[in-house]
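**Student:** Sequence and computational prediction follow.
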Amino acid sequence: MPARADGGIVQSDYAGAAVPVLYSLRTRVTLAQLNAGFTLLAAIAGRNYRLVSCCLTAIGGAATTGTSVNIIGTRAAAPVQLFVAAIARLTQSVRNVVGTPFATAGAESLTTLADGASFTPLDVNTAITVITVGSAMTVMTNLDVDLAFVIEG
Amino acid sequence: MPNTARYDPTENRFFSEDSLRATLRALRLRVTLAQLNAGFTLLPAVAGFIYALCDCKLIAIGGAATTGTSVNVIGTRAAAPVQLFVAAVAGLTQSTVLRAGSPFATAGTASIVCLADGASFAPLDVNTGVTVITVGSAMTVMTNLDVVLDYTLVQAP
């Protein structure tokens, strides 16, 4: 399929090559959505997600009352907690970046699975969700979720 | 749905764009001290398109940033300039990788200060670019600044 120029951007739709393109999702999840569980990336028939990076920021106040915020995928037909932000990390406006320490040296911002398993391919036809763990979160009004991901399959 | 790049052997390049999806792009640029002090356009405005920054790393090259107050990455929102990322001169020691959202060596001090409530990562105005500049007196000693930006460029609705 030939590429076409659009507003100075050359674009092309082509699904036959093996080089994944990195996509960005930045979305603001409301507290109600977070406590109820929210689908960040909907399942795509015949395709699988692989997450590359994650940033979480509490908006409007600190995360309070709950235990953590978890980003959840599916592997081998079972849920996996890909990224876990303990409530103590989710102070207002602090950007928690996976792979970087929190303000307290030695404590990670976001907890990942052992041996890099947070960054390996997830099951085909499955979604990525975010949810509060423990009691319902309070005080914070929103959570900003910033994911970098590829779609494979 | 486009999700893979197509390699064109004739052009020896990949085509992977879909301007309606948020494809993540990377800019790595070495800005000279003169360009930094004068102000430099990192991402030029694209008619009908909107930038949203996803990550920022700054590295002082050739020496520590000296004399100035900070290095600011600036965008435009609601027709006014916004200081998206601010790196204080004290953090810009030679070769130190400063990253938005990570602490500096001193616990509790941000490497790069972001806007409150995630506003540094929200979409900017359509038809506007992103610049970097010294704030305060002109920087000295450092010879260059490496800027690494992850960003998206999406068509305005």
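**Tutor:** On my side now, so go ahead.

**Student:** Distance of the closest residue to chain A within chain B relative to A:Ile59?
**Tutor:** Closest to chain A within chain B is B:Gly101: 3.2 Å, counting by C-beta to the nearest C-beta. (C-beta placed from N, C-alpha, C; glycine too.) B:Gly101 is 14 Å from A:Ile59, where distance means C-beta to C-beta, to the nearest Å.

**Student:** Excluding sequence neighbours, find me the nearest residue to the residue of chain B closest to chain A.
**Tutor:** A:Arg95 (3.2 Å; C-beta to C-beta, 6 or more residues apart in numbering or on different chains).

**Student:** Could I get the contacting residues of that neighbour?
**Tutor:** A:55-57, B:100-101, B:114, B:118 (C-beta atoms under 8 Å, 6 or more residues apart in numbering or on different chains).

**Student:** need those residues in JSON lines with pLDDT, distance to A:Ala107 and secondary structure, can you?
**Tutor:** Below are these laid out as JSON lines (pLDDT from 0 to 100; distance: C-beta to C-beta, whole Å; DSSP: H, G, I helix; E, B strand; the rest coil):
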{"residue": "A:Cys55", "pLDDT": "94", "distance to A:Ala107": "17", "secondary structure": "strand"}
{"residue": "A:Leu56", "pLDDT": "95", "distance to A:Ala107": "15", "secondary structure": "strand"}
{"residue": "A:Thr57", "pLDDT": "94", "distance to A:Ala107": "17", "secondary structure": "strand"}
{"residue": "B:Ala100", "pLDDT": "88", "distance to A:Ala107": "19", "secondary structure": "strand"}
{"residue": "B:Gly101", "pLDDT": "79", "distance to A:Ala107": "15", "secondary structure": "coil"}
{"residue": "B:Cys114", "pLDDT": "92", "distance to A:Ala107": "20", "secondary structure": "strand"}
{"residue": "B:Gly118", "pLDDT": "94", "distance to A:Ala107": "22", "secondary structure": "helix"}
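
**Student:** What is the nearest of those to B:Asp146?
**Tutor:** Ranked by distance to B:Asp146 (C-beta to C-beta), these are led by B:Ala100 at 14.5 Å.

**Student:** Is the closest one bridged to anything, and to what?
**Tutor:** B:Ile112 (DSSP bridges).

**Student:** So what's the residue count around it?
**Tutor:** When neighbours are defined as other C-beta atoms under 10 Å in any protein chain shown, B:Ala100 has 28 of them.

**Student:** What of A:Met140?
**Tutor:** Using other C-beta under 10 Å, A:Met140 is surrounded by 24 other residues.

**Student:** Likewise for the one 4 residues further on?
**Tutor:** Burial of A:Asp144 is recorded as 20 neighbouring residues (other C-beta under 10 Å).

**Student:** Using the three-state scheme, assign it.
**Tutor:** Secondary structure, DSSP: H, G, I helix; E, B strand; the rest coil: A:Asp144 is strand.

**Student:** So which residues of the chain form helices?
**Tutor:** Reading this off chain A. Per DSSP state H, chain A carries helices over the ranges A:31-36.

**Student:** Sorry, I should have been clearer: chain B.
**Tutor:** B:33-38.

**Student:** so who does the nearest residue to A:Asn35 once chain neighbours are set aside touch?
**Tutor:** Nearest residue to A:Asn35, sequence neighbours excluded (C-beta to C-beta, 6+ apart): A:Ala136, at 4.4 Å. With contact taken as C-beta under 8 Å, 6+ apart, A:Ala136 is in contact with A:35, A:65-66.

**Student:** Where neighbours are concerned, which of those has the most?
**Tutor:** Highest neighbour count within these, by other C-beta under 10 Å: A:Gly66, with 20 neighbours.

**Student:** how close does that one get to chain B?
**Tutor:** 19 Å (C-beta to the nearest C-beta, to the nearest Å).

**Student:** how far away is B:Tyr51 from A:Ala45?
**Tutor:** 32 Å.

**Student:** and A:Thr39, how far is that from A:Thr27?
**Tutor:** 10 Å.

**Student:** Neighbour count: those two, which is higher?
**Tutor:** Shown here are A:Thr39 and A:Thr27; by other C-beta under 10 Å, A:Thr27 has more neighbours (15 against 11).

**Student:** Please consider this matter closed, and thank you.
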